[in-house]
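Enquirer: Give me the fold of what follows.
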Amino acid sequence: MAKYIIRRLLWGIPVLFFVTLVVFILVRFLPGGPFDFAGEKQLPPSVVKNLEAKYHLNDPLWKQFVDYLWNVVRGDLGPSFRYRNRTVNDIIAEGLPVSAQLGMLAMLIAIGIGIPLGIIAALRQNTIVDYLATFFAIVGVSIPAIVMGPLLIWIFALKLQWFPVSRWGAQPPYFLGFLPKPDITFWRHAILPAFTLGTGLSASIARLTRASLLQVIREDYIRTARAKGLAERLVIFRHALKNSMIPVVTILGPMFAAVLTGTFVVEQIFAIPGLGKHFVTSIGNRDYPIILGTTLLYGVAIVIANLLVDIVYAWLDPRIRFD
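Expert: Model (predicted):
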């Protein structure tokens, strides 16, 4: 197991290198530059030239890339072009814990709703329970967060006044930089955005869980287990459910990486100071270091999430080996 993990992590290095190289080249082909405008006013060419010299943008492209890689190896993602006197490290350190808190809560909601709902729908196929679960999944997938968020705000914040309309009331995180302190202010602010993000994810998980479990319970070894007289509960949870979870776990990896690094729409609706907005605004600002830093962070999250998915595979199916 240890050798496999080390090998996968080493293979992640060329993956991250290639992603960084592609993004580094593509952002240079975007029309306009990071210093073309200061607010609504266009900067004089002499000022733009001085700023490019300050940030070494007038160096050859290969040298800029080599310098950037060297700084990344040392843990320096560079300065932001748009947010003066702030580095990309500062921006990520400020926004990532908030996005990670929201992402983990949304994933807990998605898994807690989606998997049980999919199991119940599969075991009650073609019944009213199955139809209701399928209806919920279709509604959850069909209603985007940009609609679900304002709807929950209108009902639970404005009409019932159970929760705040927006903002993020978390106390400083205390464990691994992500987990929040058990403060009532945090939970009141977190419930609506977490449900907005988690319900859509739970619908996808429920649909996949149902489809996968329906396929597994028709396999020969399930019929054999039933023929041996095993209780239906043991047949489902010991034999069928573990194998049916493999496709579900496959999508959980990229899904977790996506919500962990920030979701732009939900963070904008609830005015959450997370990292998601920087994934989008940095492109419009032509802020090359933030574009590269956030993309690299997402790449690292994908590599780690896929590694965890492969490890879970071996637990779900003993036939899978890491040799």
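
Enquirer: which residues in this structure form strands?
Expert: In the chain, the segments counted as strands under DSSP state E are 37-38, 41-42.

Enquirer: buried sites along stretch 147-167?
Expert: Using 16 or more other C-beta atoms under 10 Å as the test for burial, stretch 147-167 gives 148-149, 152-153, 156-157, 163-164, 166. Where C-beta positions appear, they are placed from N, C-alpha and C, glycine not excepted.

Enquirer: Confidence-wise, which of the strands of the chain is weakest overall?
Expert: Here the lowest mean pLDDT among the strands of the chain goes to strand 37-38, at a mean of 56.

Enquirer: so who does D67 touch?
Expert: Neighbouring residues of D67 by C-beta atoms under 8 Å, 6 or more residues apart in numbering: 56, 59.

Enquirer: Measure how buried the closest residue to V309 other than its chain neighbours is and give me the count.
Expert: Distances taken as C-beta to C-beta, 6 or more residues apart in numbering place G253 nearest to V309, at 3.9 Å, with adjacent residues excluded. For G253, the count of nearby residues is 20 (other C-beta atoms under 10 Å).

Enquirer: shouldn't G253 be in contact with I311?
Expert: No. The pair G253 / I311 is not scored as a contact, 10.5 Å apart, by C-beta atoms under 8 Å.

Enquirer: Quick check: the two most widely separated of the buried residues of stretch 147-167?
Expert: Farthest pair in the buried residues of stretch 147-167 (C-beta to C-beta) is M148 and P164. Separation: 17.0 Å.

Enquirer: what ranges of the stretch 151-300 of the chain fall below the confidence cut-off?
Expert: Counting by pLDDT under 70, the stretch 151-300 of the chain shows low-confidence ranges at 169-183, 262.

Enquirer: What residues does the spatially closest residue to I283 that is not a sequence neighbour make contact with?
Expert: Nearest residue to I283, sequence neighbours excluded (C-beta to C-beta, 6+ apart): I291, at 6.2 Å. With contacts defined as C-beta under 8 Å, 6+ apart, I291 is in contact with 23, 27, 282-283.

Enquirer: For the stretch 201-323 of the chain, just list every one of the helices.
Expert: 220-227, 232-234, 241-260, 264-269, 276-284, 288-316 (DSSP state H, counting those that start in this stretch).

Enquirer: Among these, which comes closest to V15?
Expert: With C-beta to C-beta as the criterion, V15 lies closest to helix 288-316 of the helices of the stretch 201-323 of the chain, at 6.3 Å.

Enquirer: in the closest one, what counts as buried?
Expert: Along helix 288-316, these residues count as buried under the neighbour rule (16+ other C-beta under 10 Å): 288-313, 316.

Enquirer: Over to stretch 118-126?
Expert: For stretch 118-126, burial by neighbour count (16+ other C-beta under 10 Å) applies to 118-123.

Enquirer: what's the answer for stretch 73-86, then?
Expert: The neighbour-count check on stretch 73-86 (16+ other C-beta under 10 Å) flags 77-83 as buried.

Enquirer: what's the most distant pair in the residues you listed?
Expert: L77 and R82 (14.2 Å).

Enquirer: Contact partners for Q268?
Expert: 276-277.

Enquirer: How much space separates it from H278?
Expert: For Q268, the distance to H278 (C-beta to C-beta, to the nearest Å) stands at 12 Å.
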